[in-house]
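Trainee: Pasting the sequence and the predicted coordinates here, then a few questions.
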Amino acid sequence: MCEADLPGLEALYRESYPGTWITAQMLQTGCYYGIRESSAIVSVAGVHIYAPGYKVAALGNVTTHPRMRGRGLARAVCARLCQALLQDGVEQIGLNVKADNHSAIACYTGLGFEQVAEFGAYSLEWSV
């Protein structure tokens, strides 16, 4: 995927992963892979972190259009992305996934990822 794909990616995220965002700068990493049906992007995987100097990356912004789910598309784009990262010398690939996202967990474990830690996300409000 490249900067020219930004409008198509924005449309996909609106449909399948509301609340996430993508910028042209994120695509400049060269670490976004997608699948199209006709001209529409229907599945994508990218990175939240890519630090080749440290040989680490973290997968992120993985989604598949709701009408295309259950076909192994997310697994295919994640596998391709991981192959590219490993070929570029990345030695550690990580990711975060919500504990109740069972289909994503199945996808990632099917690719060889293992759970190494659990963490919580919290929102604090300051009161005076």
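Mentor: In hand now; what should we look at?
Trainee: Next, count neighbours for Cys107.
Mentor: Cys107 has 22 neighbours, counted by other C-beta atoms under 10 Å. Placement of C-beta: from N, CA and C, glycine included.
Trainee: Go through the longest strand along the chain and flag the buried ones.
Mentor: Across the chain, the longest stretch assigned as strand under DSSP state E is strand 40-51. Using 16 or more other C-beta atoms under 10 Å as the test for burial, strand 40-51 gives 41-47, 50.
Trainee: from the chain's centre, how far out does it sit?
Mentor: Strand 40-51 sits 4 Å away from the centroid of its parent chain (C-alpha atoms, centre = their mean, to the nearest Å).
Trainee: Please compute how far the longest helix belonging to the chain lies from its chain's middle.
Mentor: With DSSP state H setting the assignment, residue counts place helix 73-87 as the longest helix in the chain. How far helix 73-87 lies from its chain's middle: 10 Å, per C-alpha atoms, centre = their mean.
Trainee: which residues are in contact with that helix?
Mentor: Residues from elsewhere that reach helix 73-87, judged by C-beta atoms under 8 Å, 6 or more residues apart in numbering: 31-35, 42-47, 50, 57, 59, 62-64, 93, 104, 107-108, 110-111.
Trainee: Output the buried residues of strand 40-51 as TSV; include the columns distance to Tyr13.
Mentor: Below are the buried residues of strand 40-51 laid out as TSV (distance: C-beta to C-beta, whole Å):
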residue	distance to Tyr13
Ile41	10
Val42	12
Ser43	12
Val44	8
Ala45	12
Gly46	11
Val47	15
Tyr50	19
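Trainee: These into JSON lines, with extra columns for distance to Leu27 and pLDDT?
Mentor: Formatted as JSON lines, the buried residues of strand 40-51 follow (distance: C-beta to C-beta, whole Å; pLDDT from 0 to 100):
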{"residue": "Ile41", "distance to Leu27": "12", "pLDDT": "98"}
{"residue": "Val42", "distance to Leu27": "17", "pLDDT": "98"}
{"residue": "Ser43", "distance to Leu27": "16", "pLDDT": "98"}
{"residue": "Val44", "distance to Leu27": "10", "pLDDT": "98"}
{"residue": "Ala45", "distance to Leu27": "13", "pLDDT": "97"}
{"residue": "Gly46", "distance to Leu27": "8", "pLDDT": "96"}
{"residue": "Val47", "distance to Leu27": "10", "pLDDT": "96"}
{"residue": "Tyr50", "distance to Leu27": "12", "pLDDT": "95"}
